[in-house]
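Visitor: the sequence and its predicted three-dimensional model are supplied below.
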Amino acid sequence: MRRPPASFLTQVYQIVAAIPPGRVLTYGRIAGLIPPPAGVDPAGYDRIKARWAGQALASCPDELPWHRVVNAQGRISLRSGEGPDVQRTLLQAEGVILSSDDVIELDRYLWQPPDEWPTAQGWLG
């Protein structure tokens, strides 16, 4: 699989930085806010964009609230070098309640950026 371009990483980081404390967003929803990068086939992009978001967060800057990103089922995901306890602890400190099997109720905690987010960021004309 092709590595995500730097522009995609930057956009992922901008979105993650905007997630409010006590809220979460999924990899797929993050990627869904970002249009296909130049030179990337839109159909192929649809198949890999959530994985690209995961790759971006696997090595993101420490100051980003990476812990606010979960998978599509609302489960915490392992970050390289860290177990689930770190993400669970950070989310709980923000008031997010996880079930006994580390599932977050997305209906309650999912953050939805405004519809105009991509345009406001200058990503779309």
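Guide: Looks like it came in fine. Worth saying up front: this structure is predicted, and the values here are computed from it rather than measured.

Visitor: what about the strands in this protein?
Guide: In the chain, the strands defined using DSSP state E lie at 25-26, 69-70.

Visitor: for the nearest residue to P4 once chain neighbours are set aside, what are its contacts?
Guide: Excluding its sequence neighbours, the residue lying closest to P4 (CB to CB, 6 or more residues apart in numbering) is W52, at 4.0 Å. Every residue, glycine included, has its C-beta placed from N, CA and C. Applying CB atoms under 8 Å, 6 or more residues apart in numbering, we find W52 in contact with 4, 8, 12, 31.

Visitor: give me the below-cutoff pLDDT ranges for the protein.
Guide: Across the chain, the ranges flagged by pLDDT under 70 are 1, 78-83, 124-125.

Visitor: what about the longest helix in it?
Guide: In the chain, taking DSSP state H as the definition, the longest helix is helix 42-58.

Visitor: CA atoms only for it, dumped as CSV, please.
Guide: C-alpha atoms of helix 42-58 as CSV (Å, rounded to 0.1, in the frame of the first residue of the first chain):
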residue,chain,number,x,y,z
PRO,A,42,-10.7,8.5,-6.0
ALA,A,43,-11.9,4.9,-6.0
GLY,A,44,-8.6,3.7,-4.7
TYR,A,45,-8.6,6.5,-2.1
ASP,A,46,-12.0,5.3,-0.8
ARG,A,47,-10.5,1.9,0.0
ILE,A,48,-7.4,3.1,1.8
LYS,A,49,-8.2,6.5,3.4
ALA,A,50,-9.1,5.2,6.8
ARG,A,51,-5.9,3.1,6.9
TRP,A,52,-3.9,6.2,5.9
ALA,A,53,-5.5,8.1,8.8
GLY,A,54,-4.3,5.3,11.1
GLN,A,55,-0.8,5.5,9.7
ALA,A,56,-0.8,9.2,10.2
LEU,A,57,-1.7,8.9,13.8
ALA,A,58,0.7,6.0,14.5
